[in-house]
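Chemist: Here is my input, please return the structure:
(2 chains)
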Amino acid sequence: MLKLKSITPLGADEARVDRFTGLTITEVTERALVSLTARNDQADAIRDKARGLLGIDLPDIGDSAMGNTHSAFWIGPESWMIDIPYSGNEYLARQVKQAMGDSASVVEQTDGWCRFDLEGATMTSVLERLCNADSANLAEGAVTRTQIHHLGCFLWRQKDGFAVIGPRSSAASLHHALLQVAQSVC
Amino acid sequence: MIINHPLLGPRDAQEFTYLGDASLIHRPDWQGEDASGQFHDYLYLRDNPAGQHRELWFHEVGDRSWLVVTRNTLTHEISNVELARDVARREGRGK
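Modeler: Here you go, the predicted structure:
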């Protein structure tokens, strides 16, 4: 019998936490991601269906909808990323596709991305050295895609910090960049 | 160079990838009788203006949208930016 064991994007058993003076970088693994893109002239239809399925309104440009457990953020014209807890939602893509039918294209994204949450007093000082997004002025819930260490990453302003969501295959590079800047700032 | 994205506002050009002349939107019908000649022209013949030029840019490290950017090739001044989707529909290419 196969003994398969899931590993984090950084290749470890446990999600990594790095603590600095005024900054904590936490690897987040327990999230399921699915991208949802409206087909031609179907944006209104999928807004209604998403409200019924997820209980949230799909957000406008550069924004996110944050419910208690279910979230969605804008990733492109008539395109969103749905972000909910992985546990219990392993088949999220299938559920969303069934609900949307032919009105949307749905793609499983869970293992395509890694996520690091930044919290602490120096988080904007770190981010402004890493990317050209105006992190200090991002309102709570705002999300933008930006370039960090040559990687296209989503920068998502949370209530108490930032989520940096980058390509999983480059998780170690992204983590290295975050640590390097954190070490020089903190 | 700053590209004024129609949805996201001013964005640094390093976030974009350049494709080429916006006439690429008008891909010929591959089933047409003169498809071979049409595709030859589509692939190889380009205007190379010194001045206003409409071109396709991809917001790769952004919202992944295609844009039609009108840029002056002499000054790099950008006078207009539109979503390529809107341009294509307006020019009868949308489904």
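
Chemist: which sections of chain A are below the confidence cut-off?
Modeler: By pLDDT under 70, chain A contains no weakly predicted segment.

Chemist: per-domain residue ranges of it.
Modeler: Listed by automatic domain parsing, the domain ranges of chain A are A:17-29+A:112-185, A:31-111.

Chemist: contacting residues for the most centrally placed residue in chain A?
Modeler: In chain A, the centroid-proximal residue (C-alpha atoms, centre = their mean) is A:Ile165; its distance is 4.5 Å. A:Ile165 is in contact with A:Trp113, A:Cys114, A:Arg115, A:Cys153, A:Phe154, A:Trp156, counting by C-beta atoms under 8 Å, 6 or more residues apart in numbering or on different chains. Just so you know, the C-beta spots here come from the backbone N, C-alpha and C atoms, and that holds for glycine as well.

Chemist: Which of these fall in strands?
Modeler: A:Trp113, A:Cys114, A:Arg115, A:Cys153, A:Phe154, A:Trp156 (DSSP state E).

Chemist: what's the most distant pair in the contacts of A:Ile165?
Modeler: A:Cys114 and A:Trp156 (13.4 Å; C-beta to C-beta).

Chemist: What about chain B: which of the contacts of A:Ile165 touch it?
Modeler: Taking C-beta under 8 Å from any C-beta of the partner chain as the test, chain B is in contact with none of these.

Chemist: Taking these, please make a ChimeraX selection of just the buried ones.
Modeler: The ChimeraX selection below is limited to those of the contacts of A:Ile165 classed as buried (16 or more other C-beta atoms under 10 Å in any protein chain shown):
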select /A:113,114,115,153,154,156
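
Chemist: export the contacts of A:Ile165 to JSON lines and tack on distance to B:His40?
Modeler: Listed next are these as JSON lines, based on distance: C-beta to C-beta, whole Å:
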{"residue": "A:Trp113", "distance to B:His40": "42"}
{"residue": "A:Cys114", "distance to B:His40": "45"}
{"residue": "A:Arg115", "distance to B:His40": "48"}
{"residue": "A:Cys153", "distance to B:His40": "41"}
{"residue": "A:Phe154", "distance to B:His40": "42"}
{"residue": "A:Trp156", "distance to B:His40": "47"}
